[in-house]
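K.L.:
After the sequence you'll find the predicted model.
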Amino acid sequence: MYFGAQYYRHPFPYPANWEKDIRHMKELNFNVVKLWAVWNTIEKLPGEFDFSCLDQLVEICSRNELKVIINTIPEGAPYWTQDQYPDSLYHTSDGHALHYSGPANIPSAGWPGLCPDSSRANDLINNFIYRTAAHFGENDTVIAIDVWNEPHLEPMFDYSGELLCYCEHSVNRFRSWLKERYVTLDKLNEAWFRGYSGWEQVAPPIRFGTYPDMIDWRRFWLYNLASWLKSRAAAARSGAPGKLIQSHSPFSGFMGGNNNGGLGNELGDEFLLANEVDVYGLSSFPLWLMGKDHIYGHLINVEIIAEAAAGKPFYQTELQGGAGKAGLLGGLVPSADDIRQWNWNIIAAGGKGSVYWQYAPEPSGMESPGFGLVDFQGADTPRSLAAALCASRFDQDYLTGSSRVLPVNGIFLSRTSDLITYAAREESQYAASFKGIYKSLVELGIPVRFVHEDTLEKAICENLKVLYLPMTLGITNAEMDVLQSFVENGGKLILESCSGIFRCNGEVDPDFSFLGKMLGMKGISIEPIQDEMMTVLPVGNSGPKMCFTCAGYRLTYKTCAEDAHITACFTDEFPAALHRYAGKGEVIWLNGFVGAEYDRLSDPATREMMSLLFESRGYDEFSELDSNGLLVRLLKNEETFYIVAVNHSTVEKSMSVRLIGKESMTVTVKPRDGKIVSV
């Protein structure tokens, strides 16, 4: 388990504080300290590396029995690299080169550094990472090298909405990627509806308008960034064989910086990135960035990252330790309750601890005077004492050795659908759709997991029983076959109105093949849902009771399969829900964007319907579960199951649970706290 704090980011804190601060971190029950290795503070002249500050800090940590994670920061590049390699700077679509400057989080500036699509830039970056890893390769105090702090297309946080990067190296790499994807220019022309006569004419889009080129441009960047991380990880492994190699997302890419979607804009795909490292992590600043629902907002990010880690260790690599920077002199300060509940979220999702951003308040720049666990004089605060108690409570061998048990309920995450909505400049709608379904299940206390398009077949083999596809506009032929097999073999598939209406290049499938395959629909057309139609009511007796609200768009159709029964209607009596048995399983179709509307309104009738659509017990290992609205997750090691129950409410709650072959048990949890029961 990792419990500790980010401490050093040149030049802060000053050396006079190091001994006192690090000693106190040990007193707070911490076991790890994270230190930034910023490139421009280490290689001030080409080929001359100075690790003296980090060496001194590592030695102090060693004396205080604290392990160290070194976080390499090539995004704070030495200025000589800008002088020597001007062609390797990031470029905007209008050809503007992004010269080095000082961002909010690198006091020594040199941001955004060089674009690694330049082979010379990539070699310099990897040499810095290699030299840093090699320097600490034999030091037992240093346990891990974090090779990329919050991987994303680096300038995007300050240039949100730009379509970076258009340097000659990135454009050439994009063309190479397209050649691998399409093989021939004719196939590219067919997919993009173009008439290129030579590959040199192919260019990335510089504005929103047509879908296919924009979807490919963003998809390219997701895979390109994963290749950058793979290159950095290889450099670190070469320098420090045997050390753990890690990276950490600034947030789930599907959620984005403000929990409103961001995969297509910020360009950090945890389901690709986590494949390249040994340990994966997450940054979260819930009170600063997630608003009044920050407990739930934090939880959904944690659980998506847990799914992306796919069994690898993951933990909270940065957790808000003090006031966020919402105003001139800071923002809301986390309470002890906040710290405790965020930690319970991480443990429930199978995470391996929390490292806070950061130990001391930031003294300079746009992040000052925020973020410190302790106060300006280094004295404890309610949040630092809460962090100490969490570290003592959760730094246990049984949690270190435990792993997630995967629920039988799933919510589908589609990279394809996200990029289609991004190209349409509606990415926030896609995020709202899966957030709404997840939110309803959290409120109901029904265990659920996320299922990503890359691992769909694997998830089905892991005994998935119910899968909800929220606003899944794009579905590949291969995915259609897998989903059809899932239903025929006993799965329950829940669809929203426009499922699979687009091909992967953003072109409408005029035959609506997926809905035809699943529900026998023909003669389909699309129309907006009017306000007076948003609430739909159940009809008939087939399938679960369908009473819900929805928005967005509904489909009209001329015919559907004879065995597809209407279970709900709009106010104009047009079908709002269908239910069909197929093979051993069933398909349920909801004719609108139900998840997005629930994210907006939290309609009680919709929530009640969700309780009927999903398996309430959540796990095959449970014969029954009455959660009473508690968050319930299951962990295990070789000999024991651990039921984690978390109470996010302000009143004490009790739940009832029975594992197969065991007696029923009642678990009572204090408000804003959690409990772990071993079986």
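P.N.:
Thanks, I have the structure now.
K.L.:
use CA for all of it now, contacts and neighbours both
P.N.:
Will do.
K.L.:
So this protein: which segments form each domain?
P.N.:
Per automatic domain parsing, the structural domains of the chain span 2-159+225-401, 409-613, 622-678.
K.L.:
What's the separation between the residue lying farthest from the centre of the chain and residue 551?
P.N.:
Largest separation from the mean C-alpha position in the chain: residue 562, at 40.8 Å (Cα atoms, centre = their mean). As judged by Cα to Cα, to the nearest Å, residue 562 and residue 551 stand 27 Å apart.
K.L.:
Residue 211 too?
P.N.:
Distance from residue 211 to residue 551, by Cα to Cα: 24 Å.
K.L.:
again with residue 650
P.N.:
Distance from residue 650 to residue 551, by Cα to Cα: 32 Å.
K.L.:
So which of these two has more stuff around it?
P.N.:
Taking neighbours as other Cα atoms under 10 Å, residue 650 and residue 551 compare with residue 551 leading, 20 against 10.
K.L.:
is it true that that one touches residue 595?
P.N.:
No - Residue 551 is not in contact with residue 595 according to Cα atoms under 8 Å; the separation is 9.1 Å.
K.L.:
So what does residue 205 look like in phi/psi?
P.N.:
Per-residue torsions, residue 205: phi -70, psi 150 (degrees, to the nearest 10).
K.L.:
Pick out the residue closest to the middle of the protein.
P.N.:
Nearest to the chain centroid, counting by Cα atoms, centre = their mean: residue 252, 1.8 Å.
K.L.:
which SS state does that one fall under?
P.N.:
coil (DSSP: H, G, I helix; E, B strand; the rest coil).
K.L.:
nearest residue to it other than its sequence neighbours?
P.N.:
residue 301 (5.4 Å; Cα to Cα, 6 or more residues apart in numbering).
K.L.:
which strands and helices sit next to the worst-scoring helix or strand of the chain on mean pLDDT?
P.N.:
Ranked by mean pLDDT, DSSP states H and E, the helix or strand of the chain with the weakest confidence is strand 535-538, at a mean of 86. Contacting strand 535-538 under the criterion 3 or more Cα pairs under 8 Å, 6 or more residues apart in numbering; DSSP states H and E are the following elements: strand 548-549, strand 564-569.
K.L.:
Provide the strand pairings for that strand, with the direction of each partner.
P.N.:
strand 548-549 (antiparallel), strand 564-569 (antiparallel) (DSSP bridges).
K.L.:
from those strands, which stretch is densest packed?
P.N.:
Neighbour counts (mean count of other Cα atoms under 10 Å) averaged over each of these peak at strand 548-549, with a mean of 26.
K.L.:
residues in contact with the helix or strand following that strand?
P.N.:
Remark: after strand 548-549, the chain's next helix or strand is strand 553-556, criterion DSSP states H and E. With contacts defined as Cα atoms under 8 Å, 6 or more residues apart in numbering, strand 553-556 is touched by 497-498, 523-529, 574, 591-593.
K.L.:
what's the answer for stretch 403-417, then?
P.N.:
Contact partners of stretch 403-417, identified using Cα under 8 Å, 6+ apart, comprise 311, 349-350, 430, 434, 437-438, 447-453, 462-475, 504, 614-615, 618-620, 633-637.
K.L.:
ok so, going back, how about the contacts made by the residue nearest to the centre of the chain?
P.N.:
Applying Cα under 8 Å, 6+ apart to residue 252 gives the contacts 268, 269, 270, 282, 301, 302, 304, 305.
K.L.:
I'd like those as TSV, with pLDDT, secondary structure and neighbour count appended.
P.N.:
Formatted as TSV, the contacts of residue 252 follow (pLDDT from 0 to 100; DSSP: H, G, I helix; E, B strand; the rest coil; neighbours: other Cα atoms under 10 Å):
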residue	pLDDT	secondary structure	neighbour count
268	93	coil	28
269	97	coil	27
270	98	helix	30
282	98	strand	25
301	98	helix	24
302	98	helix	29
304	98	helix	23
305	98	helix	29
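K.L.:
elements contacting the helix or strand harbouring residue 577?
P.N.:
Take DSSP H and E as the rule and residue 577 turns out to sit in strand 575-582. Here strand 575-582 touches strand 564-569, strand 585-590, going by 3+ Cα pairs under 8 Å, 6+ apart.
K.L.:
any idea which helix is longest in the protein?
P.N.:
Longest helix in the chain, counting residues (DSSP state H): helix 211-239.
K.L.:
which intervals of this structure have sub-threshold pLDDT?
P.N.:
Low-confidence segments of the chain, defined by pLDDT under 70: 541-543.
K.L.:
which one of the helices and strands packed on strand 575-582 lies closest to residue 141?
P.N.:
Nearest to residue 141, of all the helices and strands packed on strand 575-582, is strand 585-590, at 53.9 Å by Cα to Cα.
K.L.:
Relative to that closest one, what are the paired strands and their orientations?
P.N.:
Partner strands and pairing direction for strand 585-590 (DSSP bridges) are strand 492-496 (parallel), strand 575-582 (antiparallel).
K.L.:
Which positions within the next helix or strand after that strand qualify as buried?
P.N.:
Elements were assigned by DSSP H and E; along the chain past strand 585-590, the next helix or strand is helix 594-601. Going by neighbour count (16 or more other Cα atoms under 10 Å), the buried part of helix 594-601 is 594, 595, 596, 597, 598, 599.
K.L.:
Can you name every helix or strand that helix 594-601 contacts?
P.N.:
Contact analysis of helix 594-601 by 3+ Cα pairs under 8 Å, 6+ apart lists helix 427-444, strand 548-549 as its packing neighbours.
K.L.:
Out of the strands paired with strand 585-590, which is closest to residue 626?
P.N.:
Within those, the stretch nearest residue 626 is strand 492-496; the backing value is 21.5 Å (Cα to Cα).
K.L.:
what's the angle between the closest one and helix 427-444?
P.N.:
Counting by axes from the mean of the first three to the mean of the last three Cα atoms, to 10 degrees, strand 492-496 lies at 140 degrees to helix 427-444.
K.L.:
so how far is strand 492-496 from its chain's centroid?
P.N.:
Centre-to-centre, strand 492-496 and its host chain are 23 Å apart (Cα atoms, centre = their mean, to the nearest Å).
K.L.:
again with stretch 315-334
P.N.:
19 Å.
K.L.:
and the contacts of strand 553-556, which are buried?
P.N.:
Taking 16+ other Cα under 10 Å as the criterion, what is buried in the contacts of strand 553-556 is 497, 498, 524, 529, 574, 591, 592, 593.
K.L.:
The last one reaches residue 496, doesn't it?
P.N.:
By that I understand residue 593. Yes - counting by Cα under 8 Å, residue 496 is a contact partner of residue 593 at 6.0 Å.
K.L.:
Between these two, which contacts overlap?
P.N.:
Joint contacts of residue 593 and residue 496 (Cα under 8 Å, 6+ apart) are 470, 471.
K.L.:
circling back to that earlier point, the contacts of residue 252: which two are farthest apart?
P.N.:
Checking these with Cα to Cα, the most distant pair is 268 and 302, at 15.1 Å.
K.L.:
before we move on, back to that, quick check, nearest of the buried residues of helix 594-601 to residue 188?
P.N.:
Once Cα to Cα is applied, the member of those that ends up nearest residue 188 is residue 596, at 33.9 Å.
K.L.:
Relative to residue 591, how far out is the closest residue to that closest one other than its chain neighbours?
P.N.:
Nearest residue to residue 596, sequence neighbours excluded (Cα to Cα, 6+ apart): residue 433, at 4.0 Å. According to Cα to Cα, residue 433 and residue 591 sit 14 Å apart.
K.L.:
same question, residue 356
P.N.:
44 Å.
K.L.:
likewise residue 630?
P.N.:
For residue 630, the distance to residue 591 equals 30 Å [Cα to Cα].
K.L.:
before we move on, what about residue 242?
P.N.:
From residue 242 to residue 591 the distance is 53 Å (Cα to Cα).
K.L.:
do the same with residue 277
P.N.:
41 Å.
K.L.:
Residue 315 - that's part of a strand, no?
P.N.:
Yes - looking at residue 315 with three-state DSSP, it is inside a strand.
K.L.:
Count residues in the vicinity of it, would you?
P.N.:
Neighbour tally, residue 315, other Cα under 10 Å: 28.
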